[in-house]
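> my questions concern the predicted model and sequence given below.
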Amino acid sequence: MRTSLKRSIQSRLKGGLILAFSVILALLTSCEALLPTTTTTVTTTTTTTSHTTTIKPSLETFSYDDVPAYSSSPYVIINDNEPFFTKEDLTTEAFEEYSDLDSLGRCGTAFANICIELMPTAPREEIYMVRPSGWQAISYPDLVDGGSLYNRSHLIAFQLAGENANKYNLITGTRYMNTNMIPFENMVADMVKDSKIHVLYRVTPIFVDKELICRGVLMEAMSVEDKGESILYNVFLYNVQPGIIIDYSNGNSRRAEPSHTQTSSEQRTYILNVKSKRFHDPSCPGVADISEKNKKEYVGYREDLITMGYSPCQTCNP
Amino acid sequence: MKLIVMVDDNMGMMFNRRRQSHDLILTERLSEMAGDTPVWMNSYTALYYQIHFRNAAVSVHFMEDAGTDDYAICENESVAKYVDRVDQLYVYKWNREYPSTLKLDIDLSEWKLISSTDFAGSSHENITEEIYTK
């Protein structure tokens, strides 16, 4: 670890009162470039589907409920691609910050100011000795490129900060999510190398309640010297693997069987999350996570729910 | 015109209204290639590339204004609607994958590849220059 550059993210969060006051003040004074308005558009990357929801524009209040259900795109754009950085975050000081593991052994936010000084100068080392929360070595050779469902996914990529077996920076990520993080990492790495600029870069695993596997990662990036002219994004990548159903509470998994209900014209009972627009089987463990105000029972046809803009839960695949 | 575009492995050009990448060695190569020949571009491209060319020409309608022997750089617009005006197409491939929200919207299989050259960039291990004619 780069202890000389590392600062405790906890200490930054403990300065929360001052920060919160600054954020509120900045919001009131319409600091639009860094602190967007309270209406947040979450837009899928496909041209056919888009969702609009209202969330508070900060990392602290962002949750999985703010994300539309996974359909076919590996990521969705959050907050019109405006990161949740504050004015205080903009610095040309090189740093890396990693959150302490929580009581369940889960990683939190990793935050760095990517620049040439942080980039690796030595070959990548082994990381197999780290067991991130929910880790399981399981293989689906016919479904997953490379076989293994899970990778030890770097929050801050090795190519950006040279971190190897840093347990504060490795999560259990599906092969699908891990490989789809790479294009976003490449863009930052190559821009930093070519322009010798700094890029604020923050990756946050988004967990639901006490689940050990995150539902996805929020990736934020902004070039510092040109205030986002070169690099600016805020995206959520889904920790899913097409064809496989994951139990996010413990990392167990199984093949997604072709759902008989997908072509069925039978009416049945579903539980809706009217906020995230997902529908669940009543026995799905995810139902317990839905707040009462967002939960609704629905009896009817699956096809009708999809027509209404709902998507099936990736866990129970109703 | 001789149209210059830069693409990633998925023919992407832009993400979030920003170019996917740039490379100083590629820029120097383009500058040497163009010499005193006009290089047309729009205001977005001009912000980064204008100072690198001896005869840069900036116009909203740059793909219409470029003459037959002139160069044009297109980064953030559809190329398809100007394809009839393109005599030679210079495609620079980053050989990297980036996210993209704008892709090159012409089918290269309909063009004749006359040259393909690899070279190392400043921030890209290997850039491929492909030159096409109709």
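Received the coordinates, thanks.
> which helix in the chain has the most residues?
I went with chain A, as the question did not name one. Longest helix in chain A by number of residues, with DSSP state H as the criterion: helix A:175-195.
> actually, chain B is the one I wanted.
Max-length helix for chain B by DSSP H is helix B:24-34.
> now what about the helix or strand following that one, what contacts it?
Scanning forward in sequence from helix B:24-34 by DSSP states H and E, the next helix or strand is strand B:39-41. Outside strand B:39-41, the residues within contact range by C-beta atoms under 8 Å, 6 or more residues apart in numbering or on different chains are B:1, B:30, B:49-50, B:53, B:55-59, B:62-63, B:65-66, B:70-74. Backbone N, C-alpha and C define where each C-beta goes, glycine included.
> what's the burial count for the residue in chain B that chain A sits nearest to?
For chain B, the residue closest to chain A is residue B:123, as judged by C-beta to the nearest C-beta, at 3.7 Å. For residue B:123, the count of nearby residues is 21 (other C-beta atoms under 10 Å in any protein chain shown).
> same check, this time on the one 5 residues further on
Around residue B:128 sit 15 other residues, with neighbours defined as other C-beta under 10 Å.
> same question for residue B:47.
Neighbour count for residue B:47, taken as other C-beta under 10 Å: 13.
> so who does the residue nearest to it when sequence neighbours are not counted touch?
Excluding the flanking residues, the one nearest residue B:47 by C-beta to C-beta, 6 or more residues apart in numbering or on different chains is residue A:229, at 8.0 Å. For residue A:229, the contact set (C-beta under 8 Å, 6+ apart) comprises A:223, B:18, B:47.
> could you give the angle of the longest helix of chain A to helix B:24-34?
60 degrees (axes from the mean of the first three to the mean of the last three C-alpha atoms, to 10 degrees).
> off-centre distance for helix A:175-195?
15 Å (C-alpha atoms, centre = their mean, to the nearest Å).
> for that helix, give the mean pLDDT please.
Average pLDDT, helix A:175-195: 98.
> show me where the stretch 1-150 of chain A has helices.
A:9-14, A:16-28 (DSSP state H, counting those that start in this stretch).
> how about the residues of the stretch 201-318 of chain A by chain B?
For the stretch 201-318 of chain A, the residues found near chain B under the criterion C-beta under 8 Å from any C-beta of the partner chain are A:229, A:230, A:231, A:232, A:233, A:235.
> let's go with 10 Å and repeat that
For the stretch 201-318 of chain A, the residues in contact with chain B (C-beta under 10 Å from any C-beta of the partner chain) are A:219, A:223, A:226, A:228, A:229, A:230, A:231, A:232, A:233, A:234, A:235.
> which of those are buried?
A:219, A:223, A:228, A:230, A:231, A:232, A:233, A:234, A:235 (16 or more other C-beta atoms under 10 Å in any protein chain shown).
> looking at these, which are in strands?
Among these, the members found in strands (DSSP state E) are A:219, A:223, A:232, A:233, A:234, A:235.
> what bridges to the fourth one?
Using DSSP bridges, the beta-bridge partners of residue A:233 come out as residue A:221.
> low-confidence regions, the stretch 1-150 of chain A specifically.
Screening the stretch 1-150 of chain A residue by residue with the criterion pLDDT under 70, one finds the ranges A:1-56.
> name the residue of it that lies nearest to chain B.
residue A:81 (4.5 Å).
> ok, that residue touching residue B:17?
Yes: contact status for residue A:81 versus residue B:17: in contact at 8.6 Å, counting by C-beta atoms under 10 Å.
> can you map out the helices along the stretch 151-300 of chain A?
Using DSSP H, counting those that start in this stretch, helices in the stretch 151-300 of chain A cover A:158-161, A:175-195.
> any residue of the shortest one up close to chain B?
To tie it back to what came earlier, the one meant is helix A:158-161. No: between helix A:158-161 and chain B, judged by C-beta under 10 Å from any C-beta, nothing touches; the nearest distance is 11.2 Å.
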